[in-house]
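Peer 1: A predicted structure for the sequence below; I have some questions about it.
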Amino acid sequence: QVLLVESGGGLVQAGGSLRLSCTASGRTFSIYSMGWFRRAPGKEREFVAGINWNGGRTTYANSVQGRFIISRDNAKNTVYLEMNNLKPEDTAVYYCAADLRRHGVVVLSNVEDYDTWGQGTQVTVSS
């Protein structure tokens, strides 16, 4: 069983930055696609960013393009989300996800593409 644990959330002022981390345990995750999603109050879970198995391909939601950067360190079983120029509308619970069913050649951006999820970490951006 793989366990994903997010960290790095918190309260930040608009324009500030945060770095989220997601560490996997229980299995080497270096061959799998990983993603970050978020759920704001009263809204559906939405895709934020995704990365393929070796970090060679990434995809971002339009709302975060140019502000967020996803990366991974397979030696540490960890994927990161660097969030810059944060806006109040970025306030949400952020979730890390992994697709453990297939080799992660492509980047995945749909909720149903992922089968393993972390518990989430709260990010709050004040205006």
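Peer 2: Thanks, I have the structure now.
Peer 1: any idea how far the closest residue to Arg27 other than its chain neighbours is from His103?
Peer 2: With sequence-adjacent residues excluded and distances taken as C-beta to C-beta, 6 or more residues apart in numbering, Arg27 is closest to Val2, at 4.7 Å. C-betas here are computed from N, CA, C, even on glycine. To His103, Val2 is 15 Å away according to C-beta to C-beta, to the nearest Å.
Peer 1: Looking at these two, which is more packed in?
Peer 2: Applying other C-beta atoms under 10 Å to Val2 and His103 shows that Val2 carries more neighbours, namely 15 against 11.
Peer 1: ok, that one - contacts?
Peer 2: Contact partners of Val2, counting by C-beta atoms under 8 Å, 6 or more residues apart in numbering, are Ala24, Ser25, Gly26, Arg27, Phe29, Ala98, Leu100, Thr116.
Peer 1: mind checking how far the residue lying closest to the last one once chain neighbours are set aside is from Thr23?
Peer 2: Of all residues not flanking Thr116 in the chain, Ala98 sits nearest, at 4.4 Å (C-beta to C-beta, 6+ apart). For Ala98, the distance to Thr23 (C-beta to C-beta) stands at 11 Å.
Peer 1: quick one, which of the two is more surrounded?
Peer 2: Ala98 (23 against 18).
Peer 1: Local confidence estimate at that one?
Peer 2: Note on Ala98: pLDDT of 95.
Peer 1: can I assume Gly16 is in contact with Val125?
Peer 2: Yes - if you go by C-beta atoms under 8 Å, Gly16 and Val125 touch, sitting 7.5 Å apart.
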